[in-house]
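In: Show me the folded form of this:
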Amino acid sequence: MDRVEHIRGLIRGILQEFASYKPTYGDVDVEVVADDTAGHYELWHIGWNRWERIHACILHIDFKGDKIWIQHDGTEDGIASDLMEAGISPQEIVLAFHPPSERRLTPFAVS
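Out: Numbers count the residues shown, from 1 in each chain. Down below sits the predicted model:
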């Protein structure tokens, strides 16, 4: 298995693990969206909490070139930590939810 396939599988596995934790409130489904061809990976909460509609992106990751772009991270500890624990270098991870000018102040890749 090449490195790209390994990373894609790693991202899918982490998303599936997060998806196993159903919210304790309301009638909310957890959906994983994984498009290996385009390199897009998302975790969504969708449903109802009483009269309130829930349609929330929890995680959004794009795989661009040789970098993992974390577009949105609504997890408690941050998915970057999970990726690094799995052996991904911080220089392979872009925290895209930070402005480019602030990314250079982190140990992660700028772009």
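In: got a list of contacts for the longest helix along the chain?
Out: Determined from DSSP state H, the single longest helix within the chain is helix 3-19. If you take C-beta atoms under 8 Å, 6 or more residues apart in numbering as the criterion, helix 3-19 is touched by 1, 30-32, 34, 36, 39, 41-43, 58-59, 61, 63, 68, 75, 79, 82-83, 86, 88. Where C-beta positions appear, they are placed from N, C-alpha and C, glycine not excepted.
In: After it, which helix or strand is next?
Out: Downstream of helix 3-19, the first helix or strand assigned by DSSP states H and E is strand 27-35.
In: Quick one: mean pLDDT over that next one.
Out: For strand 27-35, mean pLDDT rounds to 97.
In: tell me which residues of that strand are tucked away?
Out: Within strand 27-35, the residues that count as buried by 16 or more other C-beta atoms under 10 Å are 28, 30, 32, 34.
In: I'd like the mean pLDDT over the very next helix or strand once past that strand, please.
Out: As assigned by DSSP H and E, the chain's next helix or strand after strand 27-35 is strand 40-49. Strand 40-49 shows a mean pLDDT of 97.
In: what does stretch 59-70 give?
Out: On average, stretch 59-70 scores 95.
In: Now that stretch: buried residues?
Out: By neighbour count on 16+ other C-beta under 10 Å, the buried set for stretch 59-70 is 59-63, 67-70.
In: repeat for stretch 102-109
Out: For stretch 102-109, burial by neighbour count (16+ other C-beta under 10 Å) applies to 103, 108-109.
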